[in-house]
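1. What follows is a protein structure lacking sequence information:
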């Protein structure tokens, strides 16, 4: 990704050098500061969290509960949830397994999992800095501001697949073509964290094999190693599906497909993504089995059909109402770009102190003005960085792929947060272009001011109030929309 054309030296897009960061250079020392700063910022948020010793975060209720519980059952030998069927990607479960070996007690494991998440987020910031240090002049400020983003703080507040997946993505970009064997291993792990990565990786492999002869050998090595690295996930899924078919041979309308790429949830979620009237995650079109309203049961005919024929069901829905699909697709893209509306620090400045946490997602405030301003800065930043063609092409590819996934399934903000560092790069480039040269040296003071606000919010221990749908016991249903306020509400 090195750009060899020498840009003008008076533009914000001018790189610090024409080469990427080299081991032992000044970037190495700065990398430690980036790492320590990110750990400190996230550590303050974790120390102030009333949910630090739980599997969830106040502003992020995702699939971490499932990952951690499955890991616990693996360690103690209890039957797995969903009879072990591979509905979830395996890597977050596997990564959590050693925590149960080491700590055993749930509260200690949950806290340790969040500390590991903080470490992975900090490592992502370091690799991002090393990747950009030779390409943009504001790589260091960008890396230091990154952990203060509200979306970053929310994403790191719970165990998830997105944080390790993003770390693997940034590591792949930083490696480039230098270590195809290592890159293949990382691709395999990435697909074990987010199964849709397999489609992206295969498409890239085909492109380089077909159109880039100079990269053909490295692409072949990467592809071969990646497929081998993915085998444990594929074989684990096959074993679980084959065992389920044998155990329920008289109950299933037909056997479940036993060979799937990592997870068998893709067809089901694709069908739901097209059939649901709601834009965000829901299962209202999936009739619950008798007496088990919260369970997915492959022996129940409607569930079985969605699991086995989900791709066809979704495509049939699109063919029947193409206009609806296009309108919903545009709405999903817009909803996904809402991640640009996240503000700064635990207070989410400059957004109002009210957030909506949509099902299985990161919370966000509804502040159209800030979102439009961020979109405008990102558009300007794209123009400012126009000479960085490779950088923009890679970022646009990853963003486009995340938006395509959102259109096919559901528009999760946590999914967009995977490419948030690229979006922040564009916003930063646009901001630098608007700030006069004499004022740019004051960025450390802005960083310090945000850090003080962040620390003040942590020390103040705000009175957060949650409201939303409640079950018969009066507990808030966390996979439904939840509103979070400071100091008001029920």
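-> Arrived safely. Only a predicted model underlies this, so the values are computations on that prediction, with no experimental measurement involved.
2. If you rank every helix and strand of the protein by mean pLDDT, what lands last?
-> Averaged element by element with mean pLDDT, DSSP states H and E, the chain has its least confident helix or strand at strand 464-468 (a mean of 89).
3. what residues are up against residue 62?
-> 56, 158, 160, 162, 360, 361, 362, 414 (CB atoms under 8 Å, 6 or more residues apart in numbering). Where you see a C-beta, it was placed from the backbone N, CA and C, and this is true even at glycine.
4. Number of residues surrounding the fifth one?
-> This means residue 360. Neighbour count of residue 360, defined by other CB atoms under 10 Å: 19.
5. Is it located within a strand, as I assumed?
-> No: applying DSSP: H, G, I helix; E, B strand; the rest coil, one finds residue 360 to be coil, outside a strand.
6. Give the other helices and strands that the least confident helix or strand of the chain contacts.
-> Applying 3 or more CB pairs under 8 Å, 6 or more residues apart in numbering; DSSP states H and E, we find strand 464-468 packed against strand 482-486.
7. can you give me the strands in the protein?
-> In the chain, the strands defined using DSSP state E lie at 354-357, 363-365, 464-468, 482-486.
8. Determine which of those shows the lowest mean per-residue pLDDT.
-> Lowest mean pLDDT of the strands of the chain: strand 464-468, a mean of 89.
9. follow-up on the earlier one: Serialize the contacts of residue 62 to TSV and add fields for pLDDT and distance to residue 442.
-> Converted to TSV, those look like this (pLDDT from 0 to 100; distance: CB to CB, whole Å):
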residue	pLDDT	distance to residue 442
56	93	38
158	96	35
160	97	35
162	97	33
360	92	40
361	95	35
362	96	31
414	96	33
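10. Format these as a markdown table; extra columns: distance to residue 234.
-> As requested, those are exported to a markdown table (distance: CB to CB, whole Å):
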| residue | distance to residue 234 |
| --- | --- |
| 56 | 30 |
| 158 | 27 |
| 160 | 22 |
| 162 | 22 |
| 360 | 25 |
| 361 | 28 |
| 362 | 30 |
| 414 | 25 |
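11. from these, which is closest to residue 34?
-> Checking the contacts of residue 62 against residue 34 by CB to CB gives residue 162 as the nearest, at 20.4 Å.
12. Isn't the closest one up against residue 415?
-> Yes: using CB atoms under 8 Å, residue 162 is in contact with residue 415, at 7.0 Å.
13. hang on, the earlier thing: tell me the buried residues in the least confident helix or strand of the chain?
-> Within strand 464-468, the residues that count as buried by 16 or more other CB atoms under 10 Å are residue 464.
14. Any stretches of the chain with poor pLDDT?
-> For the chain, the stretches with pLDDT under 70 are 1-26, 292-294, 488-490.
15. and the longest helix for it?
-> helix 216-247 (DSSP state H).
16. Quick check: buried residues in that one?
-> 218-219, 222-223, 225-227, 229-230, 233-234, 236-237, 240-241, 244-245.
17. How much space separates the most centrally placed residue in the chain from residue 467?
-> Nearest to the mean C-alpha position of the chain, by CA atoms, centre = their mean, lies residue 162 at 3.2 Å. Plainly put, residue 162 is 26 Å away from residue 467 if you go by CB to CB, to the nearest Å.
18. Give the burial count for residue 66, as a bare number.
-> 18.
19. check contacts around it.
-> Applying CB under 8 Å, 6+ apart, the residues contacting residue 66 are 81, 88.
20. dump the residue contacts of the nearest residue to residue 79 once chain neighbours are set aside.
-> Spatially, and ignoring its direct neighbours in sequence, residue 79 is nearest to residue 73 (6.9 Å; CB to CB, 6 or more residues apart in numbering). When contacts are counted by CB under 8 Å, 6+ apart, residue 73 touches 79, 80, 81.
21. how close does residue 73 get to residue 66?
-> 11 Å.
22. likewise residue 34?
-> Applying CB to CB, the value for residue 34 to residue 66 is 32 Å.
23. hang on, isn't residue 391 packed against residue 385?
-> Yes: using CB under 8 Å, residue 391 is in contact with residue 385, at 6.6 Å.
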